[in-house]
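> A predicted structure for the sequence below; I have some questions about it.
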Amino acid sequence: MWSSGKKVAGGFESRSKATFYASDTAVASTWTKLPFAAVEYDNLDEVDLVTNNRWVAAADGIYDIVAAASLQGLSSAAGFGAIVKIYKNGTGVERSPAGKVLASSDNKLVAIASTTLVLSAGDYIEVFIWHNSAGNLVSSTPASYCAIKRIG
């Protein structure tokens, strides 16, 4: 009846949350893919940590997607910041507002993108980050993650 996943009342029950590596370098002025480091939960095995490092829909549906990345080591000078973008099948579909660093001793910033998408089985989601400061790192979990839930 269904190609994959677990059938429940009303269709597929899909819930996933994966975190990003704390030591990945995000290259300045370049969209850099954030690879998943670990899965917190994934009831339909939709997170691919090994082959393509992306989330793949098990069934057609409407999905809520939230992606957040915490950066550290950003310049505290005016005009420096970061953007997170959610990609569907290799195309950017939603991005965070351009977050700006506030003057602080640790120069950290969390950028968050959120959207609701209609996905078909096999569609995939990836997360990218862009910043305009040198030497930044994706810093810490749980502030760096992607969470996806089927809502319809």
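Received it, and whenever you're ready, just let me know what you need.
> Just the C-alpha atoms of the helix or strand containing residue 71, please, in CSV.
With secondary structure defined by DSSP states H and E, residue 71 is part of strand 61-72. Extracted C-alpha coordinates of strand 61-72, given in CSV (Å, rounded to 0.1, in the frame of the first residue of the first chain):
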residue,chain,number,x,y,z
GLY,A,61,2.2,15.4,2.5
ILE,A,62,2.5,18.9,4.0
TYR,A,63,5.5,19.3,6.2
ASP,A,64,6.6,21.9,8.7
ILE,A,65,10.4,22.5,8.5
VAL,A,66,12.6,24.4,10.9
ALA,A,67,16.4,24.8,10.5
ALA,A,68,18.7,26.7,12.9
ALA,A,69,22.4,27.2,12.9
SER,A,70,24.5,28.7,15.7
LEU,A,71,27.7,30.4,14.7
GLN,A,72,30.5,31.5,16.9
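> Tell me which helix or strand comes right after that strand.
Following strand 61-72 in sequence order, the next helix or strand is strand 81-88 (DSSP H and E).
> Show me what that next one is in contact with.
26, 31, 65, 67-69, 71, 74, 92-101, 109, 111-113, 115, 117, 119, 123-133, 136 (CB atoms under 8 Å, 6 or more residues apart in numbering). Quick note: C-beta positions are derived from backbone N, CA and C, even for glycine.
> ok so, going back, which of the residues in the strand holding residue 71 are buried?
Residues 61, 63, 65, 66, 67, 68, 69, 70, 71, 72 are the ones in strand 61-72 that count as buried (16 or more other CB atoms under 10 Å).
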